[in-house]
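Student: no sequence on this one, just coordinates:
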């Protein structure tokens, strides 16, 4: 149980070990790069990742948004430190901005975002529909969001992933997002990415 808590909220020496494991696990790297590519990041995009962990997706986002900005929030100071080191050059160039914060205490943004990503973190959010509505308010009209779930419970299989994807679709729809679609990455267990848009002309 202590190990599981570390994956939720890495702290101290054990948290640094967990961060190293997450960064070097092949399926994690594959899943993060896949999710970023599904978001179709453009060079000038402004992107936020919620719960960036050791910063794998942040690095891929920064590689694509060469003239944009990549923002990240994570509630673990250990993960903020690891992600800043992993993305040190982009942080120094002020293209990547990483903040120690939780999803219910987001920093302010001067301009609307083009895209938002969250990988295996929504299950830990308080009041997820309310949080998703808040995130939708940060997106420009037509902006996009990607929520990824790779179930890690014992015995997780394609059906488990399918149920998780349906839950994410329902939450996004309730929060006012439009056109949800599901992509599946065939790893063990499968990962689901649910993408949706912030519809133009609708109040946040």
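Tutor: Looks like it arrived, so ask away. Since the structure is predicted, the reported quantities are computational estimates derived from the model, not experimental observations.
Student: in this protein, where's the longest helix?
Tutor: Counting by DSSP state H, the longest helix found in the chain is helix 158-174.
Student: give the buried residues for that one.
Tutor: 160, 161, 164, 165, 167, 168, 169, 171, 172 (16 or more other CB atoms under 10 Å). No exception for glycine: its C-beta is placed from N, CA and C like everyone else's.
Student: wait, which of the residues you listed is closest to residue 142?
Tutor: Nearest to residue 142 out of the buried residues of helix 158-174 is residue 172 (CB to CB; 15.2 Å).
Student: is it true that that closest one touches residue 132?
Tutor: Yes: the pair residue 172 / residue 132 is scored as a contact, 6.4 Å apart, by CB atoms under 8 Å.
Student: packing partners for the longest helix of the chain?
Tutor: Applying 3 or more CB pairs under 8 Å, 6 or more residues apart in numbering; DSSP states H and E, one finds that helix 158-174 contacts helix 128-138, strand 139-149, strand 178-185, strand 191-197.
Student: how far away from the center of its chain is it?
Tutor: Computed by CA atoms, centre = their mean, to the nearest Å, the chain-centroid distance of helix 158-174 equals 16 Å.
Student: now do the SS call for residue 35.
Tutor: Secondary structure, DSSP: H, G, I helix; E, B strand; the rest coil: residue 35 is helix.
Student: quick check: it vs residue 94, distance?
Tutor: Look at residue 35 and residue 94: by CB to CB, to the nearest Å, they are 24 Å apart.
Student: which one's more surrounded, those two?
Tutor: Each of residue 35 and residue 94 has its neighbours counted (other CB atoms under 10 Å); residue 35 has more, 27 against 8.
Student: list the contacts of the closest residue to that one other than its chain neighbours.
Tutor: The shortest distance from residue 35 to any non-neighbouring residue, by CB to CB, 6 or more residues apart in numbering, is to residue 148 (4.8 Å). Neighbouring residues of residue 148 by CB atoms under 8 Å, 6 or more residues apart in numbering: 31, 35, 117, 118, 119, 120, 191, 192, 193, 194.
Student: quick one, what contacts the second one?
Tutor: Counting by CB under 8 Å, 6+ apart, residue 35 touches 57, 117, 119, 146, 148, 193.
Student: any chance of the buried residues of helix 158-174 in TSV, plus distance to residue 84?
Tutor: Shown next, in TSV, are these (distance: CB to CB, whole Å):
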residue	distance to residue 84
160	34
161	32
164	30
165	32
167	32
168	29
169	33
171	30
172	30
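Student: where does pLDDT dip in this structure?
Tutor: Low-confidence segments of the chain (pLDDT under 70): 1-27, 201-204.
Student: any idea how far the residue nearest to residue 65 when sequence neighbours are not counted lies from residue 87?
Tutor: In space, and not counting its chain neighbours, residue 65 is closest to residue 45: 4.8 Å by CB to CB, 6+ apart. Residue 45 sits 16 Å away from residue 87, going by CB to CB.
Student: burial measure for residue 31, as a count.
Tutor: 23.
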